[in-house]
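What follows is a predicted protein model with its sequence.
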Amino acid sequence: MSKVRVRFAPSPTGNLHIGSARIALFNYLFARANGGKNILRIEDTDFDRSADIYVDNIRDGLQWLGITYDEGPIHQSSRLQLYQEYAQKILAQGHVYKCYCTEAELAEKRKIALSLGKPPKYDGHCKCLTAEQVQQFEANGQKPAIRFEVGQRKVKFHDLVRGDLEFDCSLIGDFVIIKSNGSPSYNFAAVVDDALMKISHVIRGEDHISNTPKQILLYEALGFTAPQFAHISMILGPDRTKLSKRHGAKSISEYREEGFLKEAILNLLMLMSWSPEDHQEIMTLAAAEKVFRLEDLAKSPAVFDIEKLKWLNGQYIRALPIADLTQRCLPFLRQGGVAVNAVDPAALEEVVESVKDNLTVLSEIVQYTAWYFENDLPESPRKEILAKPETASILESFARGLAGVPKLNHDSVNALLDKIIVNLSLKKGQVLKTIRLALTGRSAGPELWKIIRIFGKDKCQKRSAV
RNA sequence: GGCCCCAUCGUCUAGGGGUUAGGACAUCAGCUUUUCAAGCUGACGGCCGGGGUUCGAAUCCCCGUGGGGCUACCA
């Protein structure tokens, strides 16, 4: 078997989103699983829509996710000369012709065809232009596009995900390979590049299926051997249409900013359309690299499930070593206005540890821990509980008892609390609720002993003062 | 309109002629817990419809239906 070479070829007309990240992932996994190379190619031949910030966003996103590539990024915009050369090559062979139709004319024809219930394919108007007509256009300074003559036959190919596919070329209009501005069309540039880069497997979205026959025609006309194709099903929004911004679908960078872990995102991406043989749902990239197979991909499209992403995220958060988790929380705490540099690193880890079961996304770390770092307590719930008759004795016993505890930990603090409950003959809930409210000003939070340990004796006693 | 693709719980999926149709998320209930979570246990819930083929169809075939994609000098 010849060497496996695959590519991820995004157009930088937007940020790296869930759908394209998934295609990048499957290319990467296929390359890794087969000892092949993964290539990043930037398809920026649409000069109006492409932008460098999107190139950066895509590269950053891939890097953050850990989807590496062995070659590239290769920009198509730097290979324009190459496409021209290959266009000239088939121009000489007569598979293509110059087309002087204007966009307005084409749009008009398309409209008419559609209204007549006919397929809106190009009618081949410029195929039979006389030399005089061409001269006339040239004299007017009109720049031609170059069209590929499709012909009448049928094109068959074997799709690694979908099986045998067949298309009737008579239904496809002669398509443009070089635009009048000199830049190549998508189909042409992709074919020239895939051939020259010796891509063995083209793994891309299902939305490219109908481009494939056109591309196969081009491979043949250029004298190249076509690669293998694998068309992966789409990701849909909750309304079952192509996932897009209107579904609230976000870019990878936005999910990152919200506090989703790359591990969770990758895991969900893998779970959509692919289930490994052992049915293990929690799966790392490294593990997937070993067992990924294109044949195991489902043919049907998958609805993106944010709830499952959240669940996975929580699973990964809880599985993270506490030092690692704390590091990952740092940017969010800073952004939330917590002066993390002023906090002892070990104490910070204890703070994070105390609330990690509550987290579904990292950004929530702020709402769950901010009160640890605040000096003033909210007045209202605290005031109410302090007004209760038994409160004074609870807090006094607590403050007094605390002084006698040598080291604050799970056992010693709980022993103290139990003693207070027994001595005052009060209900456990009542005592603990009172102390929690006095210390934190809140009725919910981590286990009390953890809070007491993190606060330390002085702070606890100060806040217990009635 | 034409062409193409797809079809198992609400969602992601396993199952590819004989299964009580399995798992996960979500939902609901119980347990646990001072609380919020987390965790554990359980419940609810599905083969799009109709025809074939077959002793037997979720599974194979056909036809519908539904959904999606493409139909650009976008990629």
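That came through, no problem. Numbering: from 1, shown residues only, chains lettered A, B, ... in the order given.

Next one, pLDDT for A:Ile90 please.
Per-residue confidence (pLDDT) for A:Ile90: 87.

Tell me which residues touch it, please.
By Cβ atoms under 8 Å, 6 or more residues apart in numbering, A:Ile90 lies in contact with A:96, A:148, A:221-222. The way it works is simple: take the backbone N, C-alpha and C, and place the C-beta from them, glycine included.

Okay, now the unreliable bits of the stretch 301-450 of chain A?
A:378-385 (pLDDT under 70).

Now with 90, please.
In the predicted model, the stretch 301-450 of chain A carries pLDDT under 90 at residues A:338-343, A:373-397, A:399, A:403-407, A:409, A:422-430, A:434, A:437-438, A:441-443.

Show me where it has its helices.
Assigned by DSSP state H, counting those that start in this stretch, the stretch 301-450 of chain A shows helices spanning A:306-319, A:322-335, A:345-355, A:365-369, A:379-386, A:391-403, A:410-424, A:428-440, A:448-464.

Please convert those helices to CSV, extending it with mean neighbour count and distance to RNA strand B.
Below are the helices of the stretch 301-450 of chain A laid out as CSV (neighbours: other Cβ atoms under 10 Å; distance: least, Cβ to the nearest atom of the strand, whole Å):
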stretch, mean neighbour count, distance to RNA strand B
helix A:306-319, 17, 4
helix A:322-335, 17, 13
helix A:345-355, 18, 7
helix A:365-369, 20, 8
helix A:379-386, 13, 12
helix A:391-403, 18, 13
helix A:410-424, 15, 9
helix A:428-440, 19, 4
helix A:448-464, 18, 4
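
According to the record, where do the domains of chain A fall?
As recorded under automatic domain parsing, the domains making up chain A are A:5-74+A:191-234, A:81-178, A:320-373, A:379-463.

from the ones you listed, which stretch is densest packed?
Neighbour counts (mean count of other Cβ atoms under 10 Å) averaged over each of these peak at domain A:5-74+A:191-234, with a mean of 19.

Can you get me the start-to-end distance on that one?
Separation of the first and last residues of domain A:5-74+A:191-234 by Cα to Cα, to the nearest Å is 23 Å.

so the closest residue to A:His208 other than its chain neighbours, which of the three states?
Leaving aside its chain neighbours, A:His208 sits nearest to A:His231 (6.3 Å; criterion: Cβ to Cβ, 6 or more residues apart in numbering). Counting by DSSP: H, G, I helix; E, B strand; the rest coil, the backbone at A:His231 sits in strand.

Isn't A:His231 up against A:Arg162?
Yes: contact status for A:His231 versus A:Arg162: in contact at 6.1 Å, counting by Cβ atoms under 8 Å.

Keep only those of the contacts of A:Ile90 that are in strands.
A:96, A:148 (DSSP state E).

Among the contacts of A:Ile90, which one lies nearest to RNA strand B?
Nearest to RNA strand B among the contacts of A:Ile90: A:Phe148, at 10.8 Å, using Cβ to the nearest atom of the strand.

Just the pLDDT at the closest one, thanks.
At A:Phe148, pLDDT is 94.

That one contacts A:Leu218, doesn't it?
Yes: A:Phe148 is within contact range of A:Leu218, at 6.7 Å (criterion: Cβ under 8 Å).

Between the two, which contacts overlap?
Contact with both A:Phe148 and A:Leu218 is made by residues A:177, A:188, according to Cβ under 8 Å, 6+ apart.
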